[in-house]
Structures are given as C-alpha cells and as structure tokens.
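Visitor: Would you be able to build a 3D model of this:
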Amino acid sequence: MPDAFDRQLLNLVQEDASLTAEQLSETVALSVSAIQRRLRRLHETGVIQRNIAVADPQLVGRPTFFVVGLQVERERPELLAQLRRWLASEEQVQQAFYVTGEADFVLVVTAPSTASYDELMSRMVKENSNIRRFTTNVALGVVKRGLTIPVPLSDD
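Guide: The predicted structure follows:
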C-alpha cells in the first residue's frame, strides 16, 4: 500500500500528469529526486498504469457516447475470454465492465455518429456469436467524465 506521500502524489498526478517533479515538490514535502524515485516506483509496481491526455470529444469528432448493456448466452470461460479480448481491442469501446444484474457487461462507447455506432454493434454481434442481446442508452449530455481514483491521504 502506498504511504502518505505516495497517496498525495497519486492524487496530484491523476488530476494533471504533466506536473513536473519540481512542481510536485512545491505541494508535497519531498525533494525533487525523492518525488522522481517515488513516481518511477509507482509506475514499475503498476500502481500508476499509464499517463494519458484527456481530449475534448466534441473537438476531435467523437461527440456521441452510448452506454450499452450486453447480455451473453453462455458464461463459459473461453467465450467470455474471447468477448473480453474483442472489447479490449476496439478503440470505440472506452470502458467495459463485467457486472452483476440483468446485463453481463456494461460498455461506454464513443462514436462520431449513430450510424458508426450501429456498424460497430453489428460487427460485434457478427464476430461474437455468444451475444444474446444488447440495449443502448444514448448520452444526451456529459455531467462528469473521468478516470481518477480518489486516494485517501491516510490509512483510515
């Protein structure tokens, strides 16, 4: 488990991964070299999985989001593994969750249009015969969008 300094660093870099060690040292009471070592270790141990830039969907031609509930016919491990690989390889699938409840998977999909979304889903059903059905919700607006995981500063 990361210590208090690591947790503070994690919260800061999740909000802005472009902060330099010098900038981080102004907030975290550590030297620049200590921050660099800690960030390197957080990357090496997989606590930080990657650094990303968040693009404006409207400005890059992907203004439409779809939230999809996906049901499968059979939950055999090899069929689920095949579907997971397919979902992971599709760039339009932004997030995919294996869930409990009526749906087996919940997806967040981005597309430039409903027609391109329809093409993706048609291809998904064709290439994954284990899909029973899916339901689509079109996002009318984005209230909040993010990937940050709140990291408590203390062990409490």
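Visitor: So what sits opposite the residue positioned nearest the centre of the chain in the bridge?
Guide: For the chain, the residue nearest the mean C-alpha position is residue 95 (5.2 Å; Cα atoms, centre = their mean). Using DSSP bridges, the bridge partners assigned to residue 95 are residue 108.
Visitor: can you give me the strands for this protein?
Guide: Here the chain has its strands, by DSSP state E, at 64-72, 93-98, 105-111, 131-138.
Visitor: Of all those strands, which one is nearest residue 30?
Guide: For residue 30, the closest of the strands of the chain is strand 93-98, at 33.2 Å, according to Cβ to Cβ. For the C-beta atoms, the positions are set from N, CA and C on the backbone; glycine is no exception.
Visitor: excluding its backbone neighbours, what's nearest residue 130?
Guide: Excluding the flanking residues, the one nearest residue 130 by Cβ to Cβ, 6 or more residues apart in numbering is residue 79, at 4.4 Å.
Visitor: And residue 64, by the same measure?
Guide: Once flanking residues are discounted, residue 64 sits nearest to residue 111: 5.5 Å by Cβ to Cβ, 6+ apart.
Visitor: Now do the same contact list for that neighbour.
Guide: Residue 111 is in contact with 62, 64, 66, 92, 117, 120, counting by Cβ atoms under 8 Å, 6 or more residues apart in numbering.
Visitor: Show me which of those are buried.
Guide: 62, 64, 66, 92, 117, 120 (16 or more other Cβ atoms under 10 Å).
Visitor: mind listing the helices for the chain?
Guide: 4-15, 21-27, 32-44, 77-89, 114-127 (DSSP state H).
Visitor: Just the buried residues of stretch 117-131, please?
Guide: 117, 120, 121, 124, 128, 130, 131.
Visitor: Next, format the residues you listed as JSON lines and append pLDDT and distance to residue 74.
Guide: Formatted as JSON lines, the buried residues of stretch 117-131 follow (pLDDT from 0 to 100; distance: Cβ to Cβ, whole Å):
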{"residue": "117", "pLDDT": "96", "distance to residue 74": "26"}
{"residue": "120", "pLDDT": "97", "distance to residue 74": "23"}
{"residue": "121", "pLDDT": "97", "distance to residue 74": "20"}
{"residue": "124", "pLDDT": "97", "distance to residue 74": "17"}
{"residue": "128", "pLDDT": "96", "distance to residue 74": "12"}
{"residue": "130", "pLDDT": "95", "distance to residue 74": "6"}
{"residue": "131", "pLDDT": "97", "distance to residue 74": "11"}
